[in-house]
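Trainee: Mind looking at a prediction? Sequence and model below.
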Amino acid sequence: MPISFVPKDIVIEASTKNKSLDRLEPSYMYSVLFKEIILEIEEDNIQAMKDLVVYCRQKDIDENQLNKFECDYQCRSPIWLYTCENFLYRMLNRSLGSLDMEIMTKLGFFIRSLHRQLEQLYQEQSSDYLKPFQVYRGQGFSKENFENICNAKGGLLSFNNFLSTSRQPKIAEEFIKRAVNKNEQRIGVLFIITINLSKVSGAATPFALIEKYSSIPREREILFSMHTVFRVDKIKKTVGNSRIWKVHLTLTDTNDPELAALTCRIREELCGSTPLQRLGHLMIKVGDFNQAEEIYNRLLENICSDDDRIYIYHQLGLLNVGQDKYTDAATFYEKSLEIKQKTLPEDHPSLATSYNNLGGVCQKKGEYLKAREFYEKALQIKMKSLDPNDLVCATSYNNIGSVYYEMADYSKTLELYNKAHQIFETNLPRNHPSVATSYSNLGGVYYKIGDYPMTRKFYETAHKIFEHVLLPNHTDLAISYSNIARVYHKLDQYPKALEFYEKALTILKIREKALHWNPTDLATYYNNIGAIYSDSGDLAKALEFHQNALKIRETTLHPNHPNLASSYNNIGELYQQMSDHSKALEFYEKACDIREKSLTANHPDLATSYNNIGEVYQSMHRDDKALQSYQKALKIRETALPSNHPSLATSYNNMGQMFYIKREYQEALRFYKKACQIFETASPTNGRDIATSYHNIGEVYHSMHSYCKALECYKTACEIREKTMQPNHSTLAESYNNIGVVYNDIGDYQNALEFFKKSHEIREKTLCQNDPNLADSYSNIGEVCKDLGDYTLALEYYVKALEIRENVLSPNHLDLATLYTGIGHVYKSLADYPNALEFYRKALELREANLPADNKDLATSYNNIASHYHAMGNYEKALNAVLKAFKIQQKNFPENYQDFASTYNSLGKIYRSMKDYSRALHYFKECLMIFQQLELETHPSRAITYSNIGDVIQLMGHYEMAISFHRKALKIQENTQHNSLECSMTYTNLGETFREMKDYSTAITYLQRALQIRENKLPKNHPDLAVTYHSLAKSYIATHQYDMAMKNAQQAVDIAKEKLPSTHPHLLEYRKTSEQLRDLINTF
């Protein structure tokens, strides 16, 4: 049973703001308008009945029932047919309940006949109703609908169909019992309805006692016509049964004043010279385009006047626009215009309507300049005969504004939309759909300029009106839900966005079932949902939605339609995120090709295409092509957009990235800071973009080795993300990772490990097992463990990272080289030199095969190979490899760049081993100068450099100066949480220095400290242990402790023999010491 209620939010508003409860749902208004038109139509009822039977046969209604209906219709009254047990009663009530205009139109002849019979009987029986009396109705309701009745207490309730009641309460109670026994979830309601005709106008709502005319005379039935309105007085639970309630209603002719005004306005807007023409227009208003088309095509067969042809061609154009059939719409509009141009003067107002319509079609097809030309032509005609503040002029302002919107001239758009909006608000009821559309248009402009709080304000105002005046399954309501969802999406409130998209989808599914839907609306919905899944990291789900959208658009749109370009663009973005750059470029170029053909040269969507193509080229390391595309995008955006537009910030970001890649860091900073300023000014609540800007600026400072500034920016980005993102969001993991990298670079390994683990925890929870970002986490933790001297754990994490990357990357992917290098370092630290060399060579082979000969990463590989040769005692090969690295770095980096530090350190160590101490000292000092310039006071590498300088100075015989450098190293190493193995190296160097100064006791003390650390941290056969054993042996020889000397010397020889080549200088030196020791022992 279709019922209109006072909506719950109105009840709440009324209770808090002392407002009237005299409001009804919009379905009431549209069914009233339908009834009014149906009652005006004069048609052949017999033919209409036969048409209904044909329709019912198509719907598989039982043939026996149809035959009986045809027979009964000739000899029975409408009331008898209505009360008879057949398909008619159910079909009528169902169609009125769902506002199914197709069935309602087919049944129009019967609705008219039944209403007229009730009117006649009411006139005959009116003298019987002079005193107040009561009738009863029993009905079962769902919990939701019963709650609506309860919420309407004190307000209005309308039965939108013919209402059966009885003078006998027992009959109503029997209906209730059957309803609640049949379904335990339903609630029984006994309506007790008071009729007092002295207080109402009975003619407005005719009713009659129908027992003489009914097929069931014993029920003492009183039947009310459609749209009888009642006031809800009392609601009481019955004693002894919690599922049965009594609801007291009173017949009233009170109406919703706002809805009445709106109904009056829309009644005026239903143009047409005949009731059937107006019925067709009503079908368009409620979005039932199929039924409208059927009516107009029927009318078209029987018309002969030009005026009627003009009207029907116009209406057919209008309904085709509603279905996105723009070519068909244009054909009908042109037919209408052609007749007008033959019969009307060139400045006739009716021509303006046609120009407006054609402008709308051109706009929908993306022909914006042509659309503007038509719209302005229409306005010129209107301005000659109308007041500038007339509603018709407002429509023109709105239309021209919408073209400027498409052309991204948002200041002009806002000017025209505001002008139209003022006229709409002045001339229309405040709840008119056109007022709501105007609010929505303004919201769309603020969305484009990135003012999302203002966007939400206008969209929600529009939505509130749409909810009150549109049918629950109207397309515009779905679009309104979608608009609000877009704002929540932009504000990173994904669950809220999905909630509103689901509401839109519910409407679209209802319309799809009824065949009253526009497939391109569904495509838009799929795109929007896809964007949310993309931003939340579910790329497979996102691709599924975007591909569904593309299928619809390829089927329904012109090959050069801008919306088709949007779909290609969206899929390109996904492939880019998936690192499938060739696919991404293919789809981006398809989108760009359409936009170059269909849009103006300065259209922002064209800039988007250039920007996206630039991103792909950047990912493919084709930097010149990327920069060229980015510059084309920036040029358009600086011309077409306001100076604080978010898209302009995106361009500045991309330019910043290109200068960052070119190592022009000051320029990169300039662009990144411009982007950040826009985001903070235009979208202060948009945490995602602001955080990304701080991340980018931090990255530049990081590369400039301004670690304090980098850490500050990274932490700012992290704080924003912690406040605005979900705890497990991927960008939060990125922030923790960035902070960890800086701490690692400044040697604060404990803090680095803490943040790397926080990042890893998020990624482990949210990413699949083979995700490259998870591999990054394993690799970073492995690196810190290596720097902390925990080589076994480091190797474990590196191997996990390698397993992921080998599973998901091609065998020649450069990211593998980075991992091979890390694993090589661990094996070298563990003195597993064959494995170290294997991984260093694998990294080098990958880089030599995939990188230019002067790439900086090749320098890293040559340095690593050099360190291996140095460990093996092959100093000439080591020197050649380091010099190759040095030559590459000189091409790539400015003087004293941090990457030179490791090369200077390697050169110093090699020249020290070759006993060229002056050169060794020179390079160690060059290395120290870099750390001093970077102001890294406590960096572990700075401490190692101090100790290396001290060692060379000791070898040159300057012992006191050597000790001062070693103490500088120890001050850093002992006072911070550094790798204790690095400390052991300094202890060894100090021990050797004190031995040369003949302070053997102190020397042995330092060497034993070094030995304790190395024995705890290193494998028993590690060459660094041999160095300490040998140094101890020499100190024990000096103090004549020959047994201890022999023990340590032999341990040094045994390790060196196992781990080093037979010609290694260290092994030769250890053997020489051992032989000298034997000679001494034999002598004594």
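Mentor: The structure has been received and is ready for your questions.

Trainee: For the stretch 901-1050 of the chain, which residues score under the pLDDT cut-off?
Mentor: By pLDDT under 70, the weakly predicted segments of the stretch 901-1050 of the chain are 935-936, 976-979.

Trainee: For the stretch 351-500 of the chain, which segments count as strands?
Mentor: Taking DSSP state E, counting those that start in this stretch, the stretch 351-500 of the chain contains no strands at all.

Trainee: wait, what's in contact with the nearest residue to residue 570 once chain neighbours are set aside?
Mentor: Spatial nearest neighbour of residue 570, excluding adjacent residues (CB to CB, 6 or more residues apart in numbering): residue 546 at 4.6 Å. Every C-beta, even on glycine, is put in place using the N, C-alpha and C of the backbone. Counting by CB atoms under 8 Å, 6 or more residues apart in numbering, residue 546 touches 526, 527, 530, 567, 570, 571, 574.

Trainee: and what of residue 438?
Mentor: For residue 438, the contacting residues are 398, 417, 420, 421, 424, 425, 462, by CB under 8 Å, 6+ apart.

Trainee: Dump those to a markdown table, plus neighbour count, distance to residue 214 and pLDDT.
Mentor: Putting the contacts of residue 438 into a markdown table (neighbours: other CB atoms under 10 Å; distance: CB to CB, whole Å; pLDDT from 0 to 100) gives the following:
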| residue | neighbour count | distance to residue 214 | pLDDT |
| --- | --- | --- | --- |
| 398 | 21 | 53 | 92 |
| 417 | 25 | 57 | 95 |
| 420 | 25 | 55 | 94 |
| 421 | 22 | 54 | 95 |
| 424 | 21 | 50 | 92 |
| 425 | 16 | 51 | 92 |
| 462 | 26 | 48 | 94 |
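
Trainee: What about these, which are in helices?
Mentor: 398, 417, 420, 421, 424, 425, 462 (DSSP state H).

Trainee: any idea of the pLDDT on residue 255?
Mentor: We have a pLDDT of 59 for residue 255.

Trainee: low-scoring pLDDT stretches of the stretch 601-750 of the chain, where are they?
Mentor: 642, 682-686.

Trainee: Would you state the helices of it in chain order?
Mentor: Using DSSP state H, counting those that start in this stretch, the helices of the stretch 601-750 of the chain run over residues 604-619, 623-640, 646-661, 665-682, 687-703, 707-724, 730-745, 749-766.

Trainee: same check, this time on the stretch 101-250 of the chain
Mentor: All helices of the stretch 101-250 of the chain, identified by DSSP H, counting those that start in this stretch, fall at 101-106, 108-125, 143-151, 169-182.

Trainee: Which strands or helices does the last one pack on?
Mentor: Based on contacts counted as 3 or more CB pairs under 8 Å, 6 or more residues apart in numbering; DSSP states H and E, the elements that helix 169-182 packs against are strand 133-141, strand 187-195.

Trainee: Dump those strands to a markdown table, plus distance to residue 756, mean pLDDT and mean neighbour count.
Mentor: Putting the helices and strands packed on helix 169-182 into a markdown table (distance: least, CB to CB, whole Å; pLDDT from 0 to 100; neighbours: other CB atoms under 10 Å) gives the following:
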| stretch | distance to residue 756 | mean pLDDT | mean neighbour count |
| --- | --- | --- | --- |
| strand 133-141 | 60 | 93 | 20 |
| strand 187-195 | 59 | 94 | 21 |
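
Trainee: If any of the contacts of residue 546 are buried, give me the PyMOL selection for them.
Mentor: Buried residues among the contacts of residue 546 (16 or more other CB atoms under 10 Å), as a PyMOL selection:
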select buried, resi 526+527+530+567+570+571+574
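
Trainee: what about the stretch 401-550 of the chain, any weak spots by pLDDT?
Mentor: 408, 511-519.

Trainee: wait, which of the helices of the stretch 101-250 of the chain is closest to residue 1067?
Mentor: helix 143-151 (88.6 Å; CB to CB).

Trainee: Packed most tightly, which of the helices of the stretch 101-250 of the chain would that be?
Mentor: Mean neighbour count (mean count of other CB atoms under 10 Å) peaks for helix 101-106 among the helices of the stretch 101-250 of the chain, with a mean of 22.

Trainee: In PDB, could you pull the C-alpha coordinates for that one?
Mentor: Extracted C-alpha coordinates of helix 101-106, given in PDB (Å, rounded to 0.1, in the frame of the first residue of the first chain):
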ATOM      1  CA  MET A 101       4.600   5.400 -14.800                       C
ATOM      2  CA  GLU A 102       4.400   2.800 -17.600                       C
ATOM      3  CA  ILE A 103       1.800   0.600 -15.800                       C
ATOM      4  CA  MET A 104       0.000   3.700 -14.400                       C
ATOM      5  CA  THR A 105      -0.400   5.100 -17.900                       C
ATOM      6  CA  LYS A 106      -1.700   1.700 -19.200                       C
END
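
Trainee: could you say what helices and strands that helix packs with?
Mentor: helix 45-58, helix 87-98, helix 275-285, helix 289-300.

Trainee: how far does stretch 68-88 stretch from start to finish?
Mentor: Start and end residues of stretch 68-88 are separated by 11 Å (CA to CA, to the nearest Å).

Trainee: same thing with stretch 889-898?
Mentor: The straight-line separation of the ends of stretch 889-898 (CA to CA) is 10 Å.

Trainee: What mean pLDDT does that stretch get?
Mentor: Mean pLDDT, computed over stretch 889-898, is 80.

Trainee: in it, what's buried?
Mentor: So stretch 889-898, judged by 16+ other CB under 10 Å, has buried residues 889, 897, 898.

Trainee: which one of those residues is nearest residue 741?
Mentor: Proximity of those to residue 741, judged by CB to CB, is greatest for residue 898, which lies at 13.7 Å.

Trainee: show me the contacts for the closest one.
Mentor: For residue 898, the contact set (CB under 8 Å, 6+ apart) comprises 705, 930, 934.

Trainee: what about the last one, neighbour count?
Mentor: Looking back up the chat, that one is residue 934. The number of residues packed near residue 934 is 19, by other CB atoms under 10 Å.

Trainee: One more: the second one?
Mentor: Neighbouring residues of residue 930 were enumerated by other CB under 10 Å; the total is 23.

Trainee: just checking, it touches residue 905?
Mentor: No - contact between residue 930 and residue 905 fails when scored by CB atoms under 8 Å: they sit 9.7 Å apart.

Trainee: ok, back up a step: and of the helices of the stretch 101-250 of the chain, who's closest to residue 677?
Mentor: Proximity to residue 677 (CB to CB) singles out helix 143-151 among the helices of the stretch 101-250 of the chain, at 49.8 Å.

Trainee: orientation of the closest one relative to strand 187-195 in degrees?
Mentor: Calculated by axes from the mean of the first three to the mean of the last three CA atoms, to 10 degrees, helix 143-151 forms an angle of 40 degrees with strand 187-195.

Trainee: which other helices and strands contact helix 143-151?
Mentor: Judged by 3+ CB pairs under 8 Å, 6+ apart, the packing partners of helix 143-151 are strand 3-5, helix 8-17, strand 187-195, strand 228-237.

Trainee: now the closest residue in space to residue 623 that isn't next to it in sequence: how far from residue 621?
Mentor: Nearest residue to residue 623, sequence neighbours excluded (CB to CB, 6+ apart): residue 661, at 5.9 Å. To residue 621, residue 661 is 9 Å away according to CB to CB, to the nearest Å.

Trainee: This completes my enquiry, with thanks.
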